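Undergrad: Provided below for reference: sequence and predicted model.
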2 protein chains.
Amino acid sequence: MEESISKVIRQRRSIRKFTDQIPGDKEIEQILEAARWAPSGQNNQPWKFMIIQDTKTREGLAQFTSYKRIVRGAPISIVVCLDTVISYNRDKDLMAIGAAIENMLLCVYSLGLGACWLGEIINRKEKVSQYIDLAGDLEIMAVVVIGYPAENPDDVARRPLKELLIEPPRSKLRGI
Amino acid sequence: MEESISKVIRQRRSIRKFTDQIPGDKEIEQILEAARWAPSGQNNQPWKFMIIQDTKTREGLAQFTSYKRIVRGAPISIVVCLDTVISYNRDKDLMAIGAAIENMLLCVYSLGLGACWLGEIINRKEKVSQYIDLAGDLEIMAVVVIGYPAENPDDVARRPLKELLIEPPRSKLRGI
């Protein structure tokens, strides 16, 4: 699928239902390559990833979120972590991780796969860390579930651009 | 420029030198559209943007960062803010803003423009806020400078994928 960036950004949707088909290693590698090339402050690359494909482990992971069915139903979960040893500024490092996750989601969509960025699971990050034997210097920031889409979600809404713009201090507003 | 997402992600570079040519309103609108369509927790869209094109205002902005020359030399600065009224979880909201900024950078590149994500300026975010008359409920998270590239930076390095992977709790490592 070769589409313009703007189209991919605009058309990507969260996918919460998946077929049983398991994405190949090549696809997963491409998705993590996309994450790897995200920008970060001082190029510190404060991210680490755990790929969970084992059914029992995914079943266990699901118990820590209200979105159990999504985690259970997705063939692959990728746990995205902040490496607190590498981290130099928490705010900037979290934004870098957000950039890496967005790269993953865009890549997923361009491969014809589907994904959902699960943030709610970090409410129980300590318990999840314990469950997956995470090293103490890694902090869970999200789980991204990936698979082949078994749904075609409706369009979602965003606030119009005009509501997002703040007037600059001098009256030099651009005409948009 | 119609290229695959993976290529755009891989080939994008930070641009720190710009020509005098000013990007058009249409380009700036496309870039902010890309930001607007980023994912966010509960779709809360916790971002706001200030477009600064006025030369004097940019000159003033430049005084708050060590990267003065980059801000002065770029025809447009976009101040990216967290809307703390909309914010419901600071960690998730910062990741969402990172996703929005990455969308901007990818869109910039695909339009043949260049950009640099400046994080260092948030070290003096209170002073910058005062200077640009920012409302008290908005918090500066980054400045993205945009223009036409006047340099073609060398390739940058990233840690190899193998170093970013954490072994899952069961011995179900994927073959990558």
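TA: Looks like it arrived, so ask away.

Undergrad: can you tell me if stretch A:85-97 touches chain B.
TA: Yes: using C-beta under 8 Å from any C-beta of the partner chain, stretch A:85-97 comes into contact with chain B via A:89, A:91-92, A:94-97. All C-beta atoms are positioned from the backbone trio N, CA, C, and that covers glycine.

Undergrad: quick one: buried residues of that stretch?
TA: Applying a neighbour-count criterion of 16 or more other C-beta atoms under 10 Å in any protein chain shown, one finds A:86-87, A:89, A:91-97 buried in stretch A:85-97.

Undergrad: now the residue of chain A found nearest chain B: phi and psi?
TA: As assessed by C-beta to the nearest C-beta, chain B sits closest to residue A:98 within chain A, at 2.7 Å. Phi and psi for residue A:98, reported as degrees, to the nearest 10, are phi -60, psi -40.

Undergrad: return the residues in contact with it.
TA: B:94-99, B:101-102 (C-beta atoms under 8 Å, 6 or more residues apart in numbering or on different chains).

Undergrad: one more pass at 6 Å, please.
TA: Counting by C-beta atoms under 6 Å, 6 or more residues apart in numbering or on different chains, residue A:98 makes contact with B:95, B:98-99.

Undergrad: wasn't residue A:48 part of a strand?
TA: Yes: assessed by DSSP: H, G, I helix; E, B strand; the rest coil, residue A:48 belongs to a strand.

Undergrad: burial measure for it, as a count.
TA: As a burial measure, residue A:48 scores 23 neighbours (other C-beta atoms under 10 Å in any protein chain shown).

Undergrad: can you give me phi and psi for the closest residue in space to it that isn't next to it in sequence?
TA: Spatially, and ignoring its direct neighbours in sequence, residue A:48 is nearest to residue A:81 (4.5 Å; C-beta to C-beta, 6 or more residues apart in numbering or on different chains). When read as degrees, to the nearest 10, the backbone of residue A:81 gives phi -120, psi 150.

Undergrad: which other helices and strands does the biggest strand by length in chain A contact?
TA: The longest strand of chain A (DSSP state E) is strand A:138-147. Packing partners of strand A:138-147 (3 or more C-beta pairs under 6 Å, 6 or more residues apart in numbering or on different chains; DSSP states H and E): strand A:76-83, helix A:90-110, strand A:114-118.

Undergrad: from the rest of the structure, what touches that strand?
TA: A:18, A:48, A:70-71, A:74-84, A:97, A:101, A:104, A:108, A:113, A:115-119, A:121-122, A:125, A:128.

Undergrad: list only buried entries from those.
TA: Judged by 16+ other C-beta under 10 Å, buried ones among the contacts of strand A:138-147: A:18, A:48, A:70-71, A:74-83, A:97, A:101, A:104, A:108, A:113, A:115-119, A:121-122, A:125, A:128.

Undergrad: so where's chain A shaky on pLDDT?
TA: In the predicted model of chain A, residues A:1-3, A:170-176 satisfy pLDDT under 70.

Undergrad: burial count for residue A:112?
TA: 11.

Undergrad: may I see the helices and strands packed on strand A:138-147 arranged in CSV, with distance to residue A:5 as well?
TA: Output for the helices and strands packed on strand A:138-147, formatted as CSV (distance: least, C-beta to C-beta, whole Å):
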stretch, distance to residue A:5
strand A:76-83, 22
helix A:90-110, 8
strand A:114-118, 17
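
Undergrad: tell me how many other residues crowd residue A:162.
TA: With other C-beta under 10 Å as criterion, residue A:162 counts 7.

Undergrad: typo on my end, it should be residue A:142
TA: 25.

Undergrad: and the closest residue to it other than its chain neighbours, bridged to which residues?
TA: Nearest in space to residue A:142, with sequence neighbours left out and distances taken as C-beta to C-beta, 6+ apart, is residue A:80 at 4.6 Å. Under DSSP bridges, the beta-bridge partners of residue A:80 are residue A:49, residue A:142.

Undergrad: check residue A:114 too.
TA: According to DSSP bridges, beta-bridge pairing links residue A:114 with residue A:147.
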